[in-house]
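> sequence and predicted structure, then a few things I'm wondering about:
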Amino acid sequence: MRQSIDPFYVMEVVAAADAAERAGNAVFHLEVGQPSTGAPAGAIARAHELLDTNVLGYTTSRGIAELPMGIAGHIADWHGIDVDPARIAIAQGASGAFVLALLAAFEPGARVGVTVPGYPCYRNMLAALDLEAVPIRIDATTDFVPTVDHLDAASATGPLDGVIVASPSNPTGTVLSRAALTALVSWCEEHDCRFISDEIYHGLIYEGAEATTATELSDRAIVINSFSKYFSMTGWRIGWAVLPEDLVTPFDRLAQNLVICPPAISQHVALAALGCHDELRSHVDRYTENRAILLDGLPKAGMTDLAPADGAFYVWARTDHLAADSKALAAEWLRELGVAATPGVDFDPDEGHRWMRFSFCGTPETMRGAIDALTTWRLRSLAG
């Protein structure tokens with residue numbers, strides 16, 4: 001099973017786009033969910049200081065003591081709740097936190113619900129760990145938001161041991177309301193089911209939407225977050241998990257044996273980034289502008305069926321009226337227009353050929369250039 005794990009197709013799109021650029025072609029990058037900005041200036045300054053003054057050896061497996069305390073303060077500032085720093089574990093990115101949390105929480109064969117469409121690495125991680133990914137199909141009838149009815153349907157063939165939910169979500173950008181999240185958390189507690197909340201896009205919210213943390217609703221929830229998206233630190237690979245009491249020790253012991261510790265310099269830089277919100281909020285302002293450009297421009301390019309893009313930095317657009325296969329369409333756009341977008345097959349193996357994901361974490365100029373190219377292509381198609 002591990003040898004036949006599915007690829008993360010977006011990385012193949014990234015490779016094709018990079019090859020096109022190396023060949024001298026201009027490319028509008030709307031394919032990958034990586035901020036075009038780097039770590040905030042205050043964090044970079046801290047990195048230079050550390051390189052000159054610190055040996056930067058191993059830390060504890062849970063990370064430097066100051067970072068969980070800093071994250072606890074961040075949670076208090078954003079959500080108004082107190083979390084014991086002892087429940088906060090530092091990991092090598094959100095992906096590392098997910099792997100350790102899944103290993104700590106479940107035994108082989110456990111059934112874990114994942115939304116479809118949804119982030120493909122959930123399914124692939126579960127498969128690699130000998131856990132069963134149970135699809136929870138969501139669609140436009142609920143604005144791509146999972147409900148208790150969806151959980152009832154998914155558990156009809158057998159009890160669920162866990163459920164993974166992202167808000168804001170990738171690829172749809174949808175945000176669960178407090179009431180909707182509360183209902184899902186309550187269902188899981190009533191059914192002795194682990195609730196795992198992916199909150200890595202917290203901070204990237206638009207038009208009055210509000211992201212609630214599952215930590216506020218239950219001390220049994222597993223909450224995963226990261227410095228990659230809002231904090232613009234993808235390559236530094238620092239994430240964290242807020243854990244229920246019973247998973248703190250198992251998570252730590254697994255980390256000791258599997259990874260020893262997260263990168264030392266990245267932990268110190270992440271701590272500094274917690275004090276850089278003025279710069280980081282300016283990034284959100286740019287994403288807001290980019291989002292408006294896509295939501296206005298994609299319908300002009302023939303794509304009118306769009307999921308709510310209330311958070312994260314993605315627009316999920318239906319494209320089956322333009323082409324039967326979004327993978328082939330993405331290849332055509334890259335070849336003919338220099339527009340790199342991610343076909344939906346990554347996020348939905350069954351219906352993803354009908355959809356495309358556009359990332360708007362680049363520059364406004366990139367968004368406008370892509371929309372101009374797509375609109376011209378659509379008008380040419382209609383005329384031909």
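Yep, that arrived. None of these values were measured; they are calculated from a predicted model.
> list the buried ones in the longest helix anywhere in the chain?
Criterion DSSP state H: the longest helix present in the chain is helix 277-300. The neighbour-count check on helix 277-300 (16 or more other Cβ atoms under 10 Å) flags 277, 280, 283-284, 286-287, 290-294, 297-298 as buried. (C-beta placed from N, C-alpha, C; glycine too.)
> please apply the same query to stretch 59-76.
Applying 16+ other Cβ under 10 Å to stretch 59-76 flags 59, 61, 62, 63, 64, 67, 68, 70, 71, 72, 74, 75 as buried.
> do you know how far the fifth one is from residue 54?
Relative to residue 54, residue 64 is positioned 11 Å away (Cβ to Cβ, to the nearest Å).
> check the third one too.
The gap separating residue 62 from residue 54 is 19 Å, by Cβ to Cβ.
> surely residue 86 touches residue 248?
Yes. With contact defined as Cβ atoms under 8 Å, residue 86 reaches residue 248; the gap is 6.7 Å.
> my guess is residue 42 contacts residue 275, does it?
Yes. Contact criterion Cβ under 8 Å: residue 42 and residue 275 qualify, at 6.1 Å.
> how about residue 175, what does it touch?
Taking Cβ atoms under 8 Å, 6 or more residues apart in numbering as the criterion, residue 175 is in contact with 167, 168, 169, 205, 209, 210, 211, 308, 310, 311.
> could you do residue 180 as well?
By Cβ under 8 Å, 6+ apart, the residues touching residue 180 are 145, 147.
> does it count as helix, strand or coil?
What DSSP: H, G, I helix; E, B strand; the rest coil gives for residue 180 is helix.
> how close does it get to residue 82?
Per Cβ to Cβ, residue 180 is found 24 Å from residue 82.
> now the helix or strand of the chain with the lowest mean pLDDT: buried residues?
Here the helix or strand of the chain ranked lowest by mean pLDDT, DSSP states H and E is helix 9-22, holding a mean of 88. For helix 9-22, the neighbour count (16+ other Cβ under 10 Å) marks 9, 10, 13, 14, 16, 17, 20 as buried.
> next SSE downstream of that helix?
For helix 9-22, the succeeding helix or strand toward the C-terminus, using DSSP states H and E, is strand 28-29.
> now that next one: average pLDDT?
Summarised as a single mean, pLDDT over strand 28-29 is 96.
> can you list contacts of the longest helix of the chain?
With Cβ under 8 Å, 6+ apart as the test, helix 277-300 has contacts from 35, 37, 40-42, 203-204, 206, 230-232, 273, 304, 306, 309, 313, 315, 317, 358, 360-364, 367-368, 371, 374-375, 378.
> continuing past it, what's the next helix or strand?
Per DSSP H and E, helix 277-300 leads on to strand 314-318 as the next helix or strand towards the C-terminus.
> against which helices or strands is that following strand packed?
Secondary-structure packing of strand 314-318 (3 or more Cβ pairs under 8 Å, 6 or more residues apart in numbering; DSSP states H and E): helix 277-300, strand 355-359.
> now do the longest one against strand 314-318, angle only.
Inter-element angle recorded for helix 277-300 and strand 314-318: 10 degrees (by axes from the mean of the first three to the mean of the last three Cα atoms, to 10 degrees).
> straight-line length of stretch 130-146, end to end?
The straight-line separation of the ends of stretch 130-146 (Cα to Cα, to the nearest Å) is 24 Å.
> can you pull the buried residues of that stretch?
Neighbour-count burial for stretch 130-146 flags 131, 132, 133, 134, 136, 138, 144, 145, 146 (criterion: 16+ other Cβ under 10 Å).
> can you give me the pLDDT of the third one?
As predicted, residue 133 sits at a pLDDT of 97.
> pretty sure it contacts residue 120?
No. Residue 133 lies out of contact with residue 120 (Cβ under 8 Å); the separation is 10.1 Å.
> quick one: low-confidence ranges for the protein?
1, 384 (pLDDT under 70).
> ok, residues contacting stretch 95-105?
For stretch 95-105, contacts defined as Cβ under 8 Å, 6+ apart pick out 89, 91, 112, 121-122, 125-126, 129, 131, 162, 194, 196, 198, 222, 224, 226, 237, 239-241, 243, 247, 250-251, 254-255, 258-259, 262.
> which residue ranges of the stretch 1-150 of the chain form strands?
Applying DSSP state E, counting those that start in this stretch to the stretch 1-150 of the chain gives strands spanning 28-29, 88-91, 111-116, 132-137.
> ignore the last one, the stretch 201-350 of the chain
Under DSSP E, counting those that start in this stretch, the stretch 201-350 of the chain gives strands at 222-226, 239-242, 314-318, 339-340, 342-343.
> helices or strands up against the first one?
Right, the one you point to is strand 222-226. Applying 3+ Cβ pairs under 8 Å, 6+ apart, we find strand 222-226 packed against helix 93-105, strand 194-198, strand 239-242.
> what do you get for the last one?
Packing contacts for strand 342-343, counted by 3+ Cβ pairs under 8 Å, 6+ apart, involve helix 9-22, helix 326-337, strand 355-359.
> contacting residues for residue 358?
With the criterion set at Cβ under 8 Å, 6+ apart, residue 358 makes contact with 30, 294, 298, 314, 315, 317, 341, 342, 370.
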